[in-house]
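# Kindly generate the corresponding structure for this input.
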Amino acid sequence: MLVKVYGSAVFGVEATTITVEVNVAPGIGYHLVGLPDNAVKESSYRIAAALQNNNLKLPGKKIIINMAPADLRKEGSAYDLTFALGILAASKQIKADNISDYLIMGELSLDGSLQPIRGALPIAIQAKKEGFKGFILPEQNAREAAIVSGLEVYGVKNITQVTDFFDKDLELERTVINTRETFYNNLNNLEHDFADVKGQESIKRCMEIAAAGGHNIILIGPPGAGKTMLAKRLPTILPPMTLQEALETTKIHSVAGRIKDNIGLMSQRPFRSPHHTISDVALVGGGAYPQPGEISLSHNGVLFLDELPEFKRGVLEVMRQPLEDREVTISRAKFTVTYPSSFMLVASMNPSPGGYFNDPGAPVTSSPFEMQRYLSKISGPLLDRIDIHIEVTPVPFDKLSEERRGESSVQIRERVTRARELQTRRFEGVDHIHYNAQMGPKQIREFCKLEDNSKLLLKTAMERLNLSARAYDRILKVSRSIADLEGSEAIMGDHISEAIQYRSLDREGWLA
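Next up, the predicted model:
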């Protein structure tokens, strides 16, 4: 008897429905075709044990399973439940007249319980698009899939629940969540707060400007100055995610299997902080079956690279194009996968190998040559793509011991959000540009016009600091963000002068 059951394969952040055709006929053998990988091929052993331990059996007949389209590579263990239901229905151990109305996915343990799968959200989106009545999957992924309205989502613990649903018409508990309500309720659940940071008022100002315009930033300072503490709090002052941004971010984390159990839509901007030993593939994504890397997992959030010069130079260089294009394309012989990667880069570094910069009283000092060699690990083109360079100095004792709390993240976020709203209106008619850091040359000419005195100030700075053309664009973008924070339509001289201060690593004699 031939039965068709439906599963799904995920490529990039999109899903493709897979038709699993199961034919049970007289004879002997178990044949699985349709370009399955080893994890899919091994499913027969898991299925046999799971059925036996639940008073069912793998029929001693000729079983042929075809995964269509047959020219598409299938990977992973998420098809176990799909195959098992198809075999049971084709061998008439259960009646399953309406099995084709549901998309079924899940990895089987030997006792018949189900393990979570990857990519539940894109699969659910595709299932709704193709008109399936419902989606049956492990309960750990149920809330993630239930984000999609208009699709019946059933989270199950074991195979017995599924067989009883089809064979005995026993009801499964449907997972229903109010996506909008859940999302908006969790928007302001901030783990960190800028109010915890003592002193560092100038650095907080700098972080506020970076958040307002979506600018990349590098923090330069000795150990213990608070660089990591400040970086961790940056997502808390970024504007709250929109529902669309939350959906995009959740899809990427779903594909990578990074969604925690029983969590639906991600409502907080991601903060990723990979170790400096990371490989280029782990950072940008890739592998035999391309998976998203850290820069895609940071989409709509912050990527923090602590101790930037300690990263391998080759790893840093592969970020140059994604920083410009805001997406990563991974090409293989037969297919190409594109992952979005619109993130804010926050980097930190010590000014020298010893960690201290021109401080005679420091416990470890470095010569100017050692410092120059240390800084040269970061290429000029990469530094040019970082809009803001700022020096972080240690906090004095009297500031650390103050009882007064600083300005909270919520207060700063309000100003940042107002500035972003100005930018949204400004770029309303421009595709793919939403905030100042994304501006191209055309938008810079249109929206960053300078008065004569501001032009002269910028010209003098360019000549004295020997800045590149890209650094010139960065200064204009940052000054535009400073003006937006003040609600100013025009870019004034003080906006330009403040933006020039945030190019520390460009200043000649910085190592003198």
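
# ok, and for stretch 195-204, which residues are buried?
195, 197-200, 203-204 (16 or more other CB atoms under 10 Å). To be clear about C-beta, it is placed using only N, CA and C from the backbone, and glycine gets the same treatment.

# which one of the residues you listed sits closest to residue 441?
Checking the buried residues of stretch 195-204 against residue 441 by CB to CB gives residue 203 as the nearest, at 30.1 Å.

# does that closest one really touch residue 217, like I thought?
No: applying CB atoms under 8 Å, one finds residue 203 not in contact with residue 217, separated by 9.8 Å.

# Now for these two: what residues contact both?
residue 390 (CB atoms under 8 Å, 6 or more residues apart in numbering).

# can I see the domain layout of the protein?
Under automatic domain parsing, the residue ranges defining each domain of the chain are 2-177, 185-506.

# Could you dump those into CSV and include mean pLDDT?
Compiled in CSV, the domains of the chain are given as follows (pLDDT from 0 to 100):
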stretch, mean pLDDT
domain 2-177, 94
domain 185-506, 86
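
# re earlier: ok, the buried residues of stretch 195-204 vs residue 475, which is closest?
Nearest to residue 475 among those, with distances taken as CB to CB, is residue 203, at 18.9 Å.

# quick one: contacts for the closest one?
219, 226, 230, 390, 392.

# Run a quick neighbour tally on the residue nearest to residue 128 when sequence neighbours are not counted.
In space, and not counting its chain neighbours, residue 128 is closest to residue 151: 4.4 Å by CB to CB, 6 or more residues apart in numbering. Using other CB atoms under 10 Å, residue 151 has 19 neighbouring residues.

# And for the one 3 residues further on?
Residue 154 has 22 neighbouring residues, counting by other CB under 10 Å.

# give the contact list for it.
134-137, 142, 165, 172-175.

# does residue 347 sit in a helix, a strand or a coil?
Three-state assignment for residue 347 (DSSP: H, G, I helix; E, B strand; the rest coil): strand.

# Residue 489 too?
coil.

# what's the spacing between it and residue 422?
When distance is defined by CB to CB, to the nearest Å, residue 489 is 9 Å away from residue 422.

# who's more crowded, the two?
Neighbours were counted for residue 489 and for residue 422 using other CB under 10 Å; residue 422 has more, 20 against 9.

# all helices of the stretch 201-350 of the chain, in order?
For the stretch 201-350 of the chain, applying DSSP state H, counting those that start in this stretch gives helices covering 201-213, 227-233, 243-255, 280-284, 294-297, 313-317, 320-325.

# Apologies, that question was intended for the stretch 401-512 of the chain.
Under DSSP H, counting those that start in this stretch, the stretch 401-512 of the chain gives helices at 409-426, 441-447, 452-465, 469-485, 493-501.

# buried set for the first one?
In other words, helix 409-426. 409, 412-413, 415-416, 419-420, 422-423, 426.

# Considering those residues, which is situated nearest to residue 441?
Nearest to residue 441 among those, with distances taken as CB to CB, is residue 426, at 16.1 Å.

# picking that back up, most neighbours per residue, which of the helices of the stretch 401-512 of the chain?
For these, average neighbour numbers computed from mean count of other CB atoms under 10 Å are highest in helix 469-485, which has a mean of 22.

# ok and that helix relative to helix 452-465, angle-wise?
Counting by axes from the mean of the first three to the mean of the last three CA atoms, to 10 degrees, helix 469-485 lies at 140 degrees to helix 452-465.

# which strands and helices sit next to helix 469-485?
Packed against helix 469-485, as judged by 3 or more CB pairs under 8 Å, 6 or more residues apart in numbering; DSSP states H and E, are the following elements: helix 201-213, helix 380-384, helix 409-426, helix 441-447, helix 452-465, helix 493-501.

# Out of the ones you listed, flag the one nearest residue 79.
helix 380-384 (42.2 Å).

# buried residues in that closest one?
By neighbour count with 16+ other CB under 10 Å, helix 380-384 contains the buried residues 382-384.

# Check which element follows it along the chain.
Following helix 380-384 in sequence order, the next helix or strand is strand 388-391 (DSSP states H and E).

# how close does the residue nearest the centre of the chain get to residue 274?
When CA atoms, centre = their mean is applied to the chain, the residue found nearest the centroid is residue 297 (2.2 Å). Per CB to CB, residue 297 is found 9 Å from residue 274.

# Just send the buried residues of helix 380-384 back as a markdown table, with distance to residue 327 too.
Shown next, in a markdown table, are the buried residues of helix 380-384 (distance: CB to CB, whole Å):
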| residue | distance to residue 327 |
| --- | --- |
| 382 | 18 |
| 383 | 22 |
| 384 | 20 |
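
# Just the closest of these to residue 370, please.
Nearest to residue 370 among those, counting by CB to CB, is residue 383 at 19.1 Å.

# Verify the stated contact: the closest one with residue 505.
Yes: counting by CB under 8 Å, residue 505 is a contact partner of residue 383 at 5.9 Å.

# Which neighbours do the two have in common?
Common neighbours of residue 383 and residue 505 (CB under 8 Å, 6+ apart) are 218, 389.

# how about residue 62, phi and psi?
Per-residue torsions, residue 62: phi -80, psi 110 (degrees, to the nearest 10).

# Measure how buried it is and give me the count.
14.

# Grab the nearest non-local neighbour of it.
residue 27 (3.2 Å).

# number of nearby residues for the one you found?
10.

# tell me which element it is part of?
Using DSSP H and E, no helix or strand contains residue 27.

# Next: residue 30.
Assigned by DSSP H and E, residue 30 belongs to strand 29-33.

# show me where the stretch 101-250 of the chain has strands.
102-104, 107-108, 114-115, 134-138, 152-156, 217-220 (DSSP state E, counting those that start in this stretch).

# Now render those as a markdown table, adding distance to residue 495.
Shown next, in a markdown table, are these (distance: least, CB to CB, whole Å):
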| stretch | distance to residue 495 |
| --- | --- |
| strand 102-104 | 54 |
| strand 107-108 | 56 |
| strand 114-115 | 55 |
| strand 134-138 | 52 |
| strand 152-156 | 51 |
| strand 217-220 | 17 |
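
# Quick one: closest of these to residue 367.
With CB to CB as the criterion, residue 367 lies closest to strand 217-220 of those, at 18.0 Å.

# one step back: farthest pair in the buried residues of stretch 195-204?
195 and 203 (14.5 Å).

# Skip the chain neighbours and tell me the closest residue to the residue nearest to the centre of the chain.
Using CB to CB, 6+ apart, the nearest residue to residue 297 is residue 272, at 5.3 Å.
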